[in-house]
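sequence plus predicted model, see below.
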Amino acid sequence: MSVRLSTGGRLIDRATEISFSFNGARLKGYAGDTLASALLGSDQMLVGRSFKYHRPRGIVASGAEEPNALVNMGEGARFEPNQRATTTELFAGLSATSQNHWPSLEFDVGALNAKLSRFLPAGFYYKMFIHPRSFWKHVYEPFIRQSAGLGRAPDSEDADSYEHFHLHTDVVVVGGGIAGLLAARAAAVTGAKVLLMEQTAHWGGRAPVDGGLVDGQPVGDYIDALVRELSEMPNVTLRLRCMASGVYDHGYLLGYERVRDHQPGAPGPRHRLWRVRAKQIVTATGAIERPLSFAGNDVPGVMLASAVRDYLVNYAVSAGKRVIVATNNDDGYRTAIALKQAGQEVLRILDARETGGGALMAEARRLGIRIDCGRAIGKVSGGKRVKKVQICAYAGAGGALEEVACDAVAMSGGWSPVVHLWSHCGGKLTWDAEQAYFRPDATRAPTGADGQPYVVPAGSANGVMMLDAICGDAVEAGRAAAKAAGYKLKKAAAIEAEPAPETPIEPVWMMPRDARVQLRMKAWLDYQNDVKVSDVQLAAREGYESVEHTKRYTTLGMATDQGKLSNINGLATLADALGAEIPAVGTTTFRPPYTPISMGAIGGEARGAVFQPLRRTAMHGWHEKNGADWEPVGHWRRPYAFARSGESVHDAVMREVKNTRENVGLLDASTLGKILVKGPDAGKFLDLLYTNMMSSLKPGKCRYGLMCNENGFLVDDGVVARIDDETFLCHTTTGGADRIHAHMEEWLQTEWWDMQVYAANLTEQYAQVAVVGPKARMLLEKLGGMDVSAETFPFMTWQDGTLGGFDVRAYRISFSGELSYEIAVPTAQGLAFWEALVAAGKEFGIMPYGTEALHIMRAEKGFIMIGDETDGTIIPQDLGLNWAISKKKEDFLGKRAQERAHMTDPNRWKLVGLETLDGAVLPDGAYAVAEGVNPNGQRNTQGRVTSTYYSPTLCKGIAMGLVLKGPERMGEVIEFPGTDGTVFKARIVDPVFYDKDGEKQNV
Amino acid sequence: MKRYSAFAIAREALRFHTGWERAWRSPEPRRRYDVVIVGAGGHGLATAYYLGKNFGITNVAVIEKGWLGGGNTGRNTTIIRSNYLQDPSAAIYEKARSLYETLSQDLNYNVMFSPRGVIMLAQTHHEVRGYQRTAHANALQGVTTEWISPERVKELVPIIRLDGPRYPVMGGLWQARGGTARHDAVAWGYARACSAMGMDIIQKCEVTGVRTEGGKVRGVDTTKGPIDCGKLGIVVAGHSSHLAEMGGFRLPIESVALQALVSEPIKPCMDVVVMANTVHGYMSQSDKGEMVIGGGTDGFNNYTQRGSFHHIEETVRALIETFPMISRLKMLRQWGGIVDMTGDRSPILSKTPVEGVFVNCGWGTGGFKAIPGSGWAMAELMAKGHSPLTADFGLDRFREGRFIDESVAAGVAH
C-alpha cells in the first residue's frame, strides 16, 4: 500500500492540511501536494479505468506524462473532464471523480472487455461488426461510443475567463530545471531579453530530487540562489505554471499558463495564453523515463522508478512498503536507495544487465539491498493493486524462478529526451544507440525565415543526462541562443558539478527478452488505450509496417498523453517485429500541444458579446431604441425593419415600403462602402476596375458601375461620384467594402504598381442617410440650405452644401425607384442629422425603413442585388447589364474572361421577372424544371429564383430569376417545384415591376 | 484473401492471433503494368479498386511516395455529405455517399460509415436563403436534404447555443444520411481489396519522372526504378502540380495547409456533424469520444503539413460561441494537411494534354467524402475515356469559364 511517511517531503507544508474529495470520499493532503501525491498518500492506488478494456488503473508517473490518473474535476460551470492528477495542485475543496466506469470505479461492468481481451486485439473492430449493415449505426456504434470516451461532457457554459498575452522577446527558455535556469542566466547576462517558463509550480525540475553538488553546493540550494539571481534581473521574466505548448514557424511559441487552476474562482483569468515571437528558443524540457514492457506492468502499484522517487522526496509518499525495483540502467538504483534511506523495504533490484551497474549499485549493495543481475520481471499479479511478482531470467521466455509478494514495483527502462518542441516545426532527431534514445540532431534544427536555426536544445532534452554535463550544455545553449539573437558573449566561468559516472544502459524493449505470447498479451505499451506488445506485433504481421500505420491501427500513442510513455517502447517493439533498426522505423509526428490545452485559452477574451468586433453606425443607438430588428451584415448590424409595439416584423416591412412609396422614408446607408480613389491615374485605374468607363465621368456627376473579377464574374456594384479631376468616391455594397478595398490594393500593389493612385476606405468617416420618397424634396427644403430642386440638382449628380445647418455631401441617386437623396455627413454628426430629419419629417409622415423594405423596393424596380442575383458565377451579361459594359475600353478586369466560350454561350440563364399565376410568393431558391434527366439521373432544370418577395405596392408576389434564354421567352409559364411537393407556376415577365419609365425617381 | 468476421477473430484468438495474413502484400515493382496510379491515398486506391471491380483491369500498380493513406486521407475530419448545390458536385458526392453506405460489406473491412446526419447551420439571412436554394437543388438532384428549424437543430444537437449574441442559429440544412467514417480504414480497406485482386501497392516509392513518347505516356521513373504503363493516373493531392510538371503540363492549382484538431475524448455528447460556415468551424464527435474540429485554410500557400496557430484560434473561438461547453475541453492535438485548391474550388477529374495520363486532384478541403465516387468515376474515365460523373470536371472548364463554384452556397466547403 502507498503511504505518507511521517517525515520529509520537500514540497509539502505539513502545517497546512487540505481536505478534498475523491469519488465522494473525504480525504486529506497537505499544501504543496498534487492531487496524485495526495491520493497516493491516502493509499488510493486505483484511480481510473483504461479506455478499451476498462482495466484498473493507478498512478504511474509524476508529471505531464501520466496516462492513467485522469479525473473529472469540479462542478457545474467549473466542471472539467480528463484532468491529470499528477499536474493538478491540491486545493481546499477539490472534488474529483474517477472516469470511464459503470457503475463504480471498484466494480465496473466494462471490465468484461478485459476478460474478452483475447478476442479484442488491435483493430478488431475493422474485422467485425460488418454485418448486418444497419447494425453499425444502430447497435454496434452506440455501444462502442458509450464504452469509449473518458470523462463526462461538461454541460454548462464556462464560468471562467481566459486571456491572451502577446510578447516579443530575444530568447525563450522552456523548462525551469537546472538546465533551463542556467541557460536563462547565460543568455540574460549578455543583455538579451529572456522569458523562462516552467510548467510546474516549482523551479528546479528533477535535480533537487536526484541530488548532487554544483559549485560545491547541494544542487537544491544552488537552484534557489539561481532563481533569486534571475528574479532580480530586469531583462528576465520568470513564469511558473506555464507550459510551452507548441513551437510554430519563425520562432512563434505558445505558452499555456494555468493562472488559477489551483485557486478556482479567484479573480482573474483561469488560463493565459502566451503568444510569443522569439528570436531564439531554448528547449530545456528534460527527459521522461520509459516503462518496462513486462506482463502485468499496468497493475496499479507498478510505477516509473522516477515517479516513486519523486513522490518520496517531494511529498513524503511511499508508493509501497515492500517494493521491487526493475531496471536496465543505473538511474533505477537511485529510487531503491531513496526508498531504503526513507525506511521502506526494497525487496529486490532486478537489473536486466548481466553485470549490473556501477557506483550506484555498489551503494545500494552497501545499504543492504538485494540485487539480482540478469533478472527480470516475468509477471506482476494482482487486480486492483500489486500483490506479487514472478521473477525470471531476463534472457529467456519467462519461466518463473521465484515469486515474491510485494505491494509496489518501480520500473526504469531508461530515459527519453523530451524532443516535442524541437520537433514541432521540423527539427529532426537522431538515434543514439549507446544511450538508447532519440535526441535532437543539431545539424537539422528547425529554421526560421533566414534559414538559420532558432531552437537550441539544452540539458537532458538534448540527450545530456549527467548533472555535470547538463550544466555545461545548458550554459552553452543559453550563450548560443543569445549570440544568435544578436548579443555579444563575454567569457563565462565554468560551472563545476560533481561527476557521477554510470554504467551504460542495456536497451530492454520486452521483459523477459523472449517473452512468450501469453506474457506479451499482458505487457502494456499504452496504458490508457490498452495497447500491448502483442498488438504492435500483430500490426507488423498484418502489414501495418509504417510506424504511422501501427499507431493508427493499434491506437498506440493516441491517448491523452500522446505516447509520452509508450511511443519509444512501441516503435522499438515494431522495429523488432519487422527486423528493422529503430531509426529506420522512425517516430510518429510530434504535434502541438505538448500537453492538452484548454479550448477556453485558445479562444481567449473574444467570446460572447466581444466574440467579433461589432460595427455600429452613428445612428445605431437610435435604431435600437426604435424597435430595430437587427440583421448581421458582415461585422455590421443593420436594422432589418423597425417593428412597432404589437406589430410583426413582416407587417413592419410592408408598412415601411408603403410609406416610403407614398410619403418619405429614411434609410441608414452608412454601412455602404465608401472608398476614395485619388491620383493622376485614378480614372485609368477605375477604367480597369469597373466594366464601364469612369474616366469620362464629369466632376459633379455620378455613375452606376459594375466590378468583375478576373474570371469575369460580377463581384460588386455601386455608384461612383467624381469629386474632382483626380478624385473619385466609389460606393460599394456593405459586405463588399473591405473586400473591394483589398481588391483595389492588391491590383495597385502587385500589378499596377506604376500607377499614381491611392485608395482609402472612408466608410466609417461618413454617416449616410437615404431620404427616399415623393416627399423627400419637401423635407429637405424644409430643413433648408442647399438648392435641391430638380433643375439645379438633377438625377445622378452630387453636391456639397448645407442642410438644416449641417455640412453635407448629397447624391441624387436612387435604389428604390423613388425620388431619393443620399446625404453624407461626418460620422460625428450622423445621429444629430438623422434626428433633425426625423423631427422635420413628422409632418410628411416620415418613417425609417430597414434592409428588407430596401430589398423589396429594389426588386419592384428590377434592380439587382449583389449576393442575390449574383453568386460568384454570374456575369453582368446574364443580368441584362450589357449597357454598363464599355465596348470602347481596350481592357478591364473580366473582359477577356467574358469572351470565353461558356460566357458567350447563348444558352446561359438570364435575368427575368417572374410572377406566379395566382399571386403567391415563389419560394426562395426554387428551381424551374425542364423535361427529363441528365446523364447522372438528375432532373433537368431551366432556371431559378434569385429574389422573391411579397410586394405591398403591387399586392402580389414578385420575383426575379435567371431562366434559360429567359428574355426571349416573355409570357411563357414555367414550373418551380417546392421542397414540400407543391409546384408553383410562374410567368416570365419583365424584371421591372414598378415605374418602368423611371418617372418617379427622375422628378 | 481470408475474410474478416467475428468468427475469424474467434478462430484466431485461439491461436493468439498468429494466423492473420497481411492485409496487403508489399511487393517490389514489376517492369510494366497496364495502369499505374501514382498516389496510394483514398482516391488513388479507390480508382484502382474500381478499375478492377468494374472493368476487370487488375494489372495495376499503385505507387506511393510515403505510406499508404498518409496524406489527406489520414488527416481529414472524416465528414461525409453530398448536399452540394451544383449538379456535377451533387452527382459525384452523392455517388460517393451511396457507395459509402455499403463500403464495409463491399470491402469486407469495417470502415465504420456512420450515417449520423450532418447539419449545416444558417446564421444569417443570406445563409438561410443559400441553404434553401441548396435544398431545392438537392430535391431535384436526388439528394435527400431538409431545411430544419432552430428547434429541430437543438433537438439534434443539445449542446448547441441557438441564441448566440452574434450569430443566432436561424435553421439548418439537414442531411440525415450524411455522417462520418473511419478515414484510415477507408484507405486500408481499399488497399486490402486491391491487393487481393492482384494489384501491387508499392510504398516508399517516389515518382521522379514521367516518360512520354510522341505525346503519349510510356511510364514513370521512380526511386525503385522505371515502371512502364499503358495508362497513368495522377492522384496525389497536395503535390499534383509537381507530378503534372513531370508530365510537361500545368494545373490551375494552389497548395495550402488545412488544419484540424481534436479534443481529449469525452463521453458521447453530440451525435451528429455540425458545420457552422458563418463563423468558419465544424465539429463532430468521433467514436473514441474526441471532438473533431476543423476550420478554414491558411491564407498562404505552402507544403509544410503544419499550419499556423492563428487559424486554430479562430476556429476554436467560433465553436466556443456555438457550443459553449467545449470551452472546458482541452485540445489534444492539431495537425495540417496540404490541399489542392482550384479556381472554382471544385475537383479536376480529367484527361490531360499527354495521351494516357489522367489527373484526379483539386478536391480542396473536401476530398475524403468523395473517395468512393471519385474512384468510381476516375476508373470509368481511365477505362472508357469518358464518364458522366467526370464530364463537367475536365481541365477544359477553366479555359471555357465553365466553373463549378460551390462557394456560392457556403463560405467553407468540407
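Yep, it's here.

the residue in the stretch 1-150 of chain B that chain A sits nearest to: which element?
Distances between the stretch 1-150 of chain B and chain A by C-beta to the nearest C-beta are smallest at B:Arg133, namely 2.7 Å. For every residue, glycine as well, the C-beta is placed using N, CA and C. Using DSSP states H and E, B:Arg133 falls within helix B:125-141.

over to B:Gly230?
Applying DSSP H and E, one finds B:Gly230 within strand B:225-234.

and that strand, which residues are buried?
B:227, B:229-234 (16 or more other C-beta atoms under 10 Å in any protein chain shown).

can you report how many residues lie near residue 30?
In the absence of a named chain, this looks at chain A. For A:Tyr30, the count of nearby residues is 21 (other C-beta atoms under 10 Å in any protein chain shown).

let's do chain B instead
Burial measure for B:Arg30: 12 neighbouring residues, criterion other C-beta under 10 Å.

hang on, the earlier thing: which of the buried residues of strand B:225-234 sits closest to A:Tyr690?
Taking C-beta to C-beta as the measure, A:Tyr690 sits nearest to B:Ile234 out of these, at 40.5 Å.

residue contacts, the closest one?
Taking C-beta atoms under 8 Å, 6 or more residues apart in numbering or on different chains as the criterion, B:Ile234 is in contact with B:38-39, B:240, B:243-244, B:247, B:357-361.

can you tell me which of these has the most neighbours?
B:Asn360 (32 neighbours).

so it is in which element?
strand B:357-361.

next structured bit after that strand?
helix B:371-384.

so B:Ala13 makes contact with A:Phe119?
Yes - with contact defined as C-beta atoms under 8 Å, B:Ala13 counts as touching A:Phe119 (4.8 Å).

mind listing the strands for the stretch 351-500 of chain A?
For the stretch 351-500 of chain A, applying DSSP state E, counting those that start in this stretch gives strands covering A:371-373, A:375-381, A:388-393, A:400-405, A:408-412, A:415-417, A:429-432, A:437-440, A:455-457.

which strands and helices lie in contact with the longest one?
I take that to be strand A:375-381. Counting contacts by 3 or more C-beta pairs under 8 Å, 6 or more residues apart in numbering or on different chains; DSSP states H and E, strand A:375-381 is packed against strand A:322-327, strand A:345-351, strand A:388-393, strand A:400-405, strand A:408-412.

could I get the ones you listed in a markdown table, plus columns for mean pLDDT and distance to chain B?
Output for these, formatted as a markdown table (pLDDT from 0 to 100; distance: least, C-beta to the nearest C-beta, whole Å):
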| stretch | mean pLDDT | distance to chain B |
| --- | --- | --- |
| strand A:322-327 | 98 | 25 |
| strand A:345-351 | 98 | 26 |
| strand A:388-393 | 98 | 20 |
| strand A:400-405 | 96 | 20 |
| strand A:408-412 | 98 | 25 |
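
can you redo the ones you listed as a markdown table with mean neighbour count and distance to A:Thr503?
Formatted as a markdown table, the helices and strands packed on strand A:375-381 follow (neighbours: other C-beta atoms under 10 Å in any protein chain shown; distance: least, C-beta to C-beta, whole Å):
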| stretch | mean neighbour count | distance to A:Thr503 |
| --- | --- | --- |
| strand A:322-327 | 27 | 11 |
| strand A:345-351 | 24 | 10 |
| strand A:388-393 | 22 | 20 |
| strand A:400-405 | 13 | 24 |
| strand A:408-412 | 29 | 13 |
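
distance to A:Val214 added to those, as TSV?
Shown next, in TSV, are these (distance: least, C-beta to C-beta, whole Å):
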stretch	distance to A:Val214
strand A:322-327	26
strand A:345-351	28
strand A:388-393	37
strand A:400-405	39
strand A:408-412	24
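
hmm, back to that, anything in contact with each of B:Ala13 and A:Phe119?
Counting by C-beta under 8 Å, 6+ apart, B:Ala13 and A:Phe119 have no contacts in common.

tell me the phi and psi of the residue in the stretch 201-350 of chain B that chain A sits nearest to?
Closest to chain A within the stretch 201-350 of chain B is B:Gly289: 3.1 Å, counting by C-beta to the nearest C-beta. Note on B:Gly289: backbone dihedrals following degrees, to the nearest 10 are phi 110, psi -10.

A:Ser251: how many residues sit nearby?
Just so we're on the same page, residue A:251 is Gly rather than Ser. When neighbours are defined as other C-beta under 10 Å, A:Gly251 has 22 of them.

quick check: it touching A:Val282?
No - using C-beta under 8 Å, A:Gly251 is not in contact with A:Val282; the gap is 11.8 Å.

how close does the residue nearest in space to the middle of chain A sit to B:Leu261?
Taking C-alpha atoms, centre = their mean as the criterion, A:Ile602 is the residue nearest the geometric centre of chain A, at 6.0 Å. A:Ile602 sits 9 Å away from B:Leu261, taking C-beta to C-beta, to the nearest Å as the criterion.

who touches both of those two?
With C-beta under 8 Å, 6+ apart, A:Ile602 and B:Leu261 have common neighbours B:312, B:316, B:331.

which one (most neighbours) among those?
Neighbour tally across the shared contacts of A:Ile602 and B:Leu261 (other C-beta under 10 Å): the maximum, 28 neighbours, falls on B:Val316.
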